[in-house]
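A.B. asks: Fold the following for me, if possible:
(one chain, ligands or ions: 1)
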Amino acid sequence: MFIETLSTFPDMYSSVMGTSMMRIAQEKGILQFKAHDLRDWTHDRHRTTDDEPYGGGQGLVMKCDPIFEAYDDIAAQDPQGSTPYTIFLSPCGEQFDEGVALDLSAHDHLLFICGHYEGIDERAYSLADRCISLGDYVLTSGELASMVVIDAVVRRLPGVLGDEGSAVDESFYDGLLEYPQYTRPATYRGQSVPPVLLSGDHAAVDTWRRHQRLIRTKRYRPDLMTRANVNDEDQSFLNSLS
Ligand SMILES: C[S@@+](CC[C@H](N)C(=O)[O-])C[C@H]1O[C@@H](n2cnc3c(N)ncnc32)[C@H](O)[C@@H]1O
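C.D. replies: Residues are numbered from 1 along each chain as shown. Predicted coordinates for the structure are as follows:
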């Protein structure tokens, strides 16, 4: 997969994209990443990317002309001779979740366009295939948001996670939260690992983990329960709790 970003602070990506899974994905040749500086498509001495809002009001708005020009150049370099699937980060977009990450992981070429200041001139959104929000809060700029999305997408690419089963076991994969995890020592500061995990009985461990996922999801994210794959056995366990 080829992922590109367009923003005014491209240096923000170097740490995250050069660490852990994002670095490994690039070393394995599964991911190619490039962070573009929007200022490279400005034409004035100050490399201006923002201006005052029409109609008045607080703050500055990102100009649409450098974004269109950058898009044209980036699209012209598309390895398949197509155009990148283009995502704008905005608090006004659809809510990001694992399902959106999975959808995005099916594309060969993604372009993330990040806002700053009060946001982006609305005309630039005509380039968007998708507009994504991380949640109901406002960040200073889109780079952090795009890194969260990129990380979640890249983890879904085949071959990125060492153990192919890892994603399957994780929260949201089948609609439930993950079960609690433990490692050595078996007892620490008076807290012991649940005995079933030390029993060597794999079937009992599986059942315990499934029950823990149900308990956790019901407790912390009851909204997920309506969409989760809950079978008859799960339902009787849940009924036994109340
Ligand atoms: C300060 S914010 C602009 C907020 C905008 N004035 C509003 O009220 O919706 C600047 C940029 O940060 C990014 N951003 C902020 N919050 C975000 C969120 N919850 N999800 C995704 N991107 C966000 C967007 O790229 C946005 O253009």
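A.B. asks: In the lengthiest helix in the chain, which residues are buried?
C.D. replies: Ordering each helix of the chain by length in residues (DSSP state H) puts helix 202-220 first. Buried residues in helix 202-220, counted by 16 or more other C-beta atoms under 10 Å: Val205, Trp208, Arg209, Arg210, His211, Gln212, Arg213, Leu214, Ile215, Arg216, Thr217, Lys218. For glycine as for every other residue, the C-beta is placed from the backbone atoms N, C-alpha and C.
A.B. asks: tell me the contacts of the closest residue to the ligand within the chain?
C.D. replies: Residue nearest to the ligand within the chain (C-beta to the nearest ligand atom): Gly115, separated by 2.0 Å. Taking C-beta atoms under 8 Å, 6 or more residues apart in numbering, we find Gly115 in contact with Met62, Phe88, Leu89, Ser90, Ser141, Gly142.
A.B. asks: what does Arg216 give?
C.D. replies: Residues touching Arg216, when contacts are defined by C-beta under 8 Å, 6+ apart, comprise Leu176, Leu177, Glu178, Tyr179, Pro180.
A.B. asks: Excluding its own residues, what touches the lowest-mean-pLDDT helix or strand in the chain? List them.
C.D. replies: The least trusted helix or strand in the chain, going by mean pLDDT, DSSP states H and E, turns out to be helix 166-169, with a mean of 74. Residues lying outside helix 166-169 but in contact with it, judged by C-beta under 8 Å, 6+ apart, are Arg155, Arg156, Leu161, Tyr173, Glu178.
A.B. asks: Buried residues, that helix. List them.
C.D. replies: Neighbour-count burial for helix 166-169, with 16+ other C-beta under 10 Å as criterion, is recorded at Ala167.
A.B. asks: Output that helix as PDB - backbone C-alpha positions only.
C.D. replies: Coordinates of the C-alpha atoms in helix 166-169 are reproduced here as PDB (Å, rounded to 0.1, in the frame of the first residue of the first chain):
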ATOM      1  CA  SER A 166      -3.300 -11.200  16.500                       C
ATOM      2  CA  ALA A 167      -5.900  -8.900  14.900                       C
ATOM      3  CA  VAL A 168      -8.500 -11.700  15.200                       C
ATOM      4  CA  ASP A 169      -8.200 -11.700  19.000                       C
END
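A.B. asks: Convert the C-alpha atoms of stretch 129-149 to CSV, please.
C.D. replies: In CSV, the C-alpha atoms belonging to stretch 129-149 read as follows (Å, rounded to 0.1, in the frame of the first residue of the first chain):
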residue,chain,number,x,y,z
ASP,A,129,-13.6,10.4,-1.2
ARG,A,130,-14.2,10.2,2.5
CYS,A,131,-14.1,12.6,5.4
ILE,A,132,-13.2,11.1,8.8
SER,A,133,-13.4,12.3,12.4
LEU,A,134,-11.6,10.6,15.3
GLY,A,135,-14.3,11.6,17.7
ASP,A,136,-16.3,14.4,19.3
TYR,A,137,-13.4,16.6,20.3
VAL,A,138,-11.2,19.2,18.5
LEU,A,139,-7.5,18.6,17.9
THR,A,140,-5.1,21.4,16.8
SER,A,141,-4.4,19.8,13.5
GLY,A,142,-5.0,16.8,11.3
GLU,A,143,-1.6,15.1,11.5
LEU,A,144,-2.2,13.4,14.8
ALA,A,145,-5.7,12.2,13.5
SER,A,146,-4.2,10.9,10.3
MET,A,147,-1.5,9.0,12.2
VAL,A,148,-4.2,7.2,14.3
VAL,A,149,-6.1,6.2,11.1
